[in-house]
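A.B. asks: got a predicted model here, sequence first, then my questions.
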Amino acid sequence: MSTNQVTSDDKLKNLECLFTWEVDKDDINDLKGVPEKLLDRVKYCPRRYHATYFNILAFVSHLQGKTDVAFEYLDKSLAVLEEEQPDEADFLVTYSSFAWLHHHQGNLEAMETYLGKVKSIGEGRQIAVEAEKGWSFLRLGAKFYPRARKSFEQVLKAKPNNVSYNVGYAVVVFRLEELVRTDVKVSPEDSPAAQQLQKALGLDPTDAEVMVLLALKLQGFQPIKCRQLIRKALRESPDMPQITRYVATYFRREGSTKESLEVLEEAAQRAPNSSFLYHQMGLCHWQDMIEMKKSGGLRAGSQQVNAAIAESIRLYRKTVELKPSNTFAQVHLAEAYAESRQLERAEPIFTRMLAKDSLTDAERQHCHTKYGLFLMFKRKDDAKAVEQFKKAYVIRIDSRDRTQARDKLQKIASRRSGWRARDDDDILDFISSVDELERQPTREAAAVNVNRLADSFKTKTKIF
C-alpha cells in the first residue's frame, strides 16, 4: 500500500456515514427490496427526509456493486440539501459519504475536497449525525431498530420538540413493540409507542403515517378515535403505499377481512412487487379459514376451508418469493402447508429458518415456538417439541411466543405420569430454574447462566 493510501485511510476514520457505521450487509434482511421501499418514500413522503433516503440508497447501491449509481444518489442528496437549505451540519453525512466513495474509487483529489468540507462544518455535528443514524437504521430493517431507538433518544435529549426526531422515535418504538406483541391488549397508557405517537401527532397533525400507527395502538380501546384517524389518514395520503398497508392491517385486526382485502388488492395494483401486501392478503384468507372452522358450520377438510388454505399458501409463497428474509411469512407458509397435511414441505422451512444466523432474538423465539407446535400437534413428537419450546423459553423476550412455549411445556409435563415422572420433573425444574435466574439482579450473569442451563438440559433431558 502506498504512503498516500495509508494517509487517506487514516483520514477516513473520523467520517460519519453508513460506510463507517459498522453496518453488516448480512444484517440487512431485505437488501434487494430496500431501494423500492425508499423510492416509494421519496415519491410520497415530505421532502425534508429525501436527503437521508438518497444517502441510504447510495450505500445500498454500493453494497450491490453499483458504485456509479451510488454517486448519482449522493448527487441527489446534495441537491435536496442545497434546495432545502438546512443547518450546515446536515450536510456532514452526505459529504462523508462522498469522501468515502471517492476514496474507494481511488479518486484521492476528490476525496480531499470532501474531507475539507467535512472538516469545515462547525456546530451541531453530533446531533446531525445521530439523527441521520436514527433514520438510516430505521429504514434498514429490524436488526437495526435498537440502534435507531438509541440514536433518536440521544437527539431528543438535545431537541425534545423536534418534529422529525419525535416522528422517527415514535415509528421505531412502535415497530419494536410490534415485534413482541402479546395476546393481551396493552392499554395506551401502558404503551410507550402509543404515548410517543400521540406526542408526534401533536407536533405534526398532518402526518398520515403517524395517524395510522396510532390507530393500531389505540385499537380495541378507542374505536371512534381510531376510525377518525383512519379516515383522516386516507384523506391526507390516499395513494401512499405505507398508509394503505397499515389501514388494511387495522381492518384485518378488526375482523373485517373483506374490507382489508379490498384495500390490499387495490394497493397491489399500484405496487405489484410488494411482499407486504401479499403477506397481509394471505393473513386475511387464513383468518377467514380459522373463523369458518370456529363457527362450527364448516369442518376441516370442507371445500371452503380447503380453498382458504390454498389461497393462503399461494399468497404466502408469493410473499417469500419476493422477500425470502420475511421470517414471519416463512413460518406462516410452513403452518399453511401443515394445515393442508403437506408435512414434508412444512418441516424443512422451520429447520432452514432456524439454521440462519441473521435472525433477531424475537424471530428465533417465534420460529422455535411454532416449530414446537408443529412437532407437538402434527408430528405427535413431544420429545422434539419440548426441545423447541425450551429454546424459545430461554430467549428473554416477554411475548405471546414465550407464553405459549411455557404453557405447552407445562401441558406436556402434566399429562405424563408413572415411570415418566422424572422427565416431567426435568421440564418443571427447567422452567423454575429459568424463572429463578430472571429474578437475579445481574442481567448479564443471568443471561450467561440461562445459556448454560439450556445446554445442560439439552443433553440431560430425554423424553420417551
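C.D. replies: Looks like it came in fine. Residues are numbered from 1 along each chain as shown.
A.B. asks: so for residue 146, what pLDDT did the model give?
C.D. replies: For residue 146, the pLDDT comes out at 96.
A.B. asks: can you name the residues that contact it?
C.D. replies: With contact set as CB atoms under 8 Å, 6 or more residues apart in numbering, residue 146 has these partners: residue 176. All C-beta atoms are positioned from the backbone trio N, CA, C, and that covers glycine.
A.B. asks: domain map for the chain?
C.D. replies: Under the assignment automatic domain parsing, the domains of the chain span 3-159, 268-357, 360-464.
A.B. asks: what about residue 343, how many residues nearby?
C.D. replies: Per other CB atoms under 10 Å, the neighbour tally for residue 343 reads 13.
A.B. asks: list the residues that contact it.
C.D. replies: Applying CB under 8 Å, 6+ apart, the residues near residue 343 are 337, 378-379.
A.B. asks: and the residues you listed, which are buried?
C.D. replies: Among these, those classed as buried by 16 or more other CB atoms under 10 Å are 337, 378.
A.B. asks: now, the contacts of residue 343 that are in helices?
C.D. replies: residue 337 (DSSP state H).
A.B. asks: for residue 314, which residues are in contact?
C.D. replies: Neighbours of residue 314 in contact, by CB under 8 Å, 6+ apart: residue 282.
A.B. asks: and it, how far is that from residue 282?
C.D. replies: 8 Å (CB to CB, to the nearest Å).
A.B. asks: where in the stretch 301-450 of the chain is pLDDT low?
C.D. replies: Residue ranges of the stretch 301-450 of the chain with pLDDT under 70: 301, 416-424, 441-450.
A.B. asks: measure how buried residue 279 is and give me the count.
C.D. replies: By other CB under 10 Å, 24 other residues sit near residue 279.
A.B. asks: I figured it hits residue 326, correct?
C.D. replies: Yes - shown here, residue 279 and residue 326 form a contact pair, counting by CB atoms under 8 Å, at 6.6 Å.
A.B. asks: any residues in contact with both of those two?
C.D. replies: residue 319.
A.B. asks: now for the domains of the chain, which one comes closest to residue 225?
C.D. replies: With CB to CB as the measure, domain 268-357 is the member of those nearest residue 225 (23.1 Å).
A.B. asks: helix/strand/coil for the closest residue to residue 81 other than its chain neighbours?
C.D. replies: Distance criterion CB to CB, 6 or more residues apart in numbering; nearest residue to residue 81, sequence neighbours excluded, is residue 51 at 5.0 Å. Following DSSP: H, G, I helix; E, B strand; the rest coil, we place residue 51 in the helix state.
A.B. asks: need the contact partners of stretch 216-226.
C.D. replies: 174, 177, 185, 187-188, 191, 193-194, 197, 215, 229, 246, 249-250, 253-254.
A.B. asks: just the buried residues of the residues you listed.
C.D. replies: Using 16+ other CB under 10 Å as the burial test, the contacts of stretch 216-226 include 174, 177, 188, 191, 193-194, 197, 215, 229, 246, 249-250 as buried.
A.B. asks: residue 81 touches residue 88, doesn't it?
C.D. replies: No - the criterion here is CB under 8 Å, and residue 81 misses it with residue 88 at 9.9 Å.
A.B. asks: which of those two has more neighbours?
C.D. replies: Neighbour tally, residue 81 and residue 88, criterion other CB under 10 Å: the higher count belongs to residue 81, 20 against 16.
A.B. asks: so what's that one up against?
C.D. replies: Here residue 81 is in contact with 51, 90-91, 94 (criterion: CB under 8 Å, 6+ apart).
A.B. asks: measure residue 250 to residue 260 for me?
C.D. replies: 8 Å.
A.B. asks: ignore the last one, residue 425
C.D. replies: For residue 425, the distance to residue 260 - CB to CB - is 47 Å.
A.B. asks: out of these two, which sits in the busier spot?
C.D. replies: Under the neighbour definition other CB under 10 Å, residue 425 and residue 260 were set side by side, and residue 260 has more, 23 against 13.
A.B. asks: how far does whichever strand or helix holds residue 126 sit from the chain's center?
C.D. replies: Assigned by DSSP states H and E, residue 126 falls within helix 125-140. Remark: helix 125-140 is offset 17 Å from the chain centroid, using CA atoms, centre = their mean, to the nearest Å.
A.B. asks: average pLDDT for it?
C.D. replies: On average, helix 125-140 scores 97.
A.B. asks: for it, packing partners?
C.D. replies: Helices and strands touching helix 125-140, by 3 or more CB pairs under 8 Å, 6 or more residues apart in numbering; DSSP states H and E, are helix 34-44, helix 50-63, helix 92-105, helix 145-158, helix 163-179.
A.B. asks: same thing but at 6 Å, please
C.D. replies: Applying 3 or more CB pairs under 6 Å, 6 or more residues apart in numbering; DSSP states H and E, we find helix 125-140 packed against helix 50-63, helix 92-105, helix 145-158, helix 163-179.
A.B. asks: tabulate the CA atom coordinates of the second one in PDB.
C.D. replies: Just to be clear, that refers to helix 92-105. Extracted as PDB, the C-alpha positions of helix 92-105 are listed here (Å, rounded to 0.1, in the frame of the first residue of the first chain):
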ATOM      1  CA  LEU A  92     -22.000  16.300   7.100                       C
ATOM      2  CA  VAL A  93     -23.200  12.700   6.300                       C
ATOM      3  CA  THR A  94     -23.500  13.400   2.600                       C
ATOM      4  CA  TYR A  95     -20.100  14.900   2.400                       C
ATOM      5  CA  SER A  96     -18.700  12.000   4.400                       C
ATOM      6  CA  SER A  97     -20.300   9.500   2.000                       C
ATOM      7  CA  PHE A  98     -18.800  11.300  -1.000                       C
ATOM      8  CA  ALA A  99     -15.300  11.200   0.700                       C
ATOM      9  CA  TRP A 100     -15.600   7.500   1.400                       C
ATOM     10  CA  LEU A 101     -16.800   6.600  -2.000                       C
ATOM     11  CA  HIS A 102     -14.100   8.700  -3.800                       C
ATOM     12  CA  HIS A 103     -11.500   7.000  -1.600                       C
ATOM     13  CA  HIS A 104     -12.900   3.600  -2.600                       C
ATOM     14  CA  GLN A 105     -12.600   4.600  -6.200                       C
END
